[in-house]
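Visitor: here is my input, please return the structure:
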Amino acid sequence: MALQSPARVASAFGLLVALASCGRVSFDALDASPYDAGTDIARCFPEPGGASSIALDAFGLEFPTPNTLRLEWDTSDPDGVFQSYEILLVEAGQSQCEVQRFDPTTNPGLAYYQGPLTNYKIRAASIGPLDSNTEYVAQLLVHDRDGELKASALLPVQTSQSASEEVVLFSEQDTAGYSIPSEMSYQSGPAFAGSQYYEYISQCVDGCFENLRRQDIGVSLATMSEAEFATAYYEFALASSGTEHSIWSQARLSFVQEDGSRELFIYAPFALRTDGEYSVYQIPLRAFGQDELSVPLTYEAAKRSVFEFTVGGSWTLGETVRLDELRIRWQRDS
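Guide: All right, here's what the predicted structure looks like:
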């Protein structure tokens, strides 16, 4: 779910474009000969199944955004032979087998059967950047240490339409409110866009998890209707100089309620890249929730104003994290 080239992002999609835990990969053709997109797209992929003892089931779409797809699955590894995941993607309407490959070099979460530190089972990943409102066909591959693989059935998927409306949480101007921790400061320099961003330098001697928060920002969402809420997503750009990717990460948004109280909603887990370059993440508002996502965010809870935005991750000692261009975007209801 994340882009890595600011220049390409700005020219291709306007200002900001894609979500969590993914990256751009090179194009390779598994079968470079032409095919009939309606009947012959299977030629572009390995045969479903395979000799690996790893069981693979329930490969599906968790959610689309305009420029990413978050795919989910279930696996079991009775023999402990897992090596890595790989996702193959082909645009449905093309005339050649141009396959985009997403693997641990572009999406760090795909390297794990169980994530480090927390030992939770990896069940999803976001891939992009992709074109908006475009049909694709996806396949998940599981590679094992014996050189065997297990391939899912082919999955038709589609990205959502580009946003036409947005509310800026942060761009160039310092927000109202304050940072927690206070060490996250407003800086000038290597921003994703413009010249301003928020910067945090980790003080954790052995590395630790830290939520990077701006509170009391007071950004109204009154221009978003209930119908438009269904298409709304949180978008942010993040760059980190760390030596280890943050595999268990979270995004948080807090909203002011009618009685003046605030309600906090979370989306987790997803992976954040830490390669020093900006990546852009998109998360639908409807994917946020409380009580481990069992209580979803609703329009009624979100419609007044945003009190807080947060990106949380595991940061190593001395790691510089830069956070920029935070928005809530949606498609205008016609």
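
Visitor: do me a favour and get the end-to-end distance for stretch 212-228?
Guide: End-to-end span of stretch 212-228 (Cα to Cα, to the nearest Å): 28 Å.

Visitor: list the buried ones in it?
Guide: 212-215, 217, 219, 221, 224, 228 (16 or more other Cβ atoms under 10 Å). C-beta: built from backbone N, CA, C; applies to glycine.

Visitor: next, the closest residue to residue 65 other than its chain neighbours: phi, psi?
Guide: Closest residue in space to residue 65, ignoring its immediate chain neighbours: residue 282 at 3.9 Å, by Cβ to Cβ, 6 or more residues apart in numbering. Per-residue torsions, residue 282: phi -130, psi 130 (degrees, to the nearest 10).

Visitor: and for residue 282, the neighbour number?
Guide: Residue 282: 30 surrounding residues under other Cβ atoms under 10 Å.

Visitor: likewise residue 208?
Guide: 12.

Visitor: residue contacts, residue 118?
Guide: Residues near residue 118 by Cβ atoms under 8 Å, 6 or more residues apart in numbering: 248, 269.

Visitor: and it, how far from residue 157?
Guide: 28 Å (Cβ to Cβ, to the nearest Å).

Visitor: three-state assignment of residue 301?
Guide: At residue 301 the chain is in helix, as set by DSSP: H, G, I helix; E, B strand; the rest coil.

Visitor: doesn't residue 261 make contact with it?
Guide: No. Using Cβ atoms under 8 Å, residue 301 makes no contact with residue 261, being 10.7 Å away.

Visitor: ok, these two, which is more surrounded?
Guide: Between residue 301 and residue 261, counted using other Cβ under 10 Å, the more crowded position is residue 301 (19 against 9).

Visitor: strands of the stretch 101-250 of the chain, start to end?
Guide: 124-127, 135-144, 149-151, 155-158, 165-170, 178-180, 185-188, 196-201, 208-220, 233-240, 246-256 (DSSP state E, counting those that start in this stretch).

Visitor: dump these to TSV, plus mean pLDDT.
Guide: Listed next are those as TSV, based on pLDDT from 0 to 100:
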stretch	mean pLDDT
strand 124-127	96
strand 135-144	98
strand 149-151	97
strand 155-158	98
strand 165-170	98
strand 178-180	98
strand 185-188	98
strand 196-201	98
strand 208-220	96
strand 233-240	97
strand 246-256	96
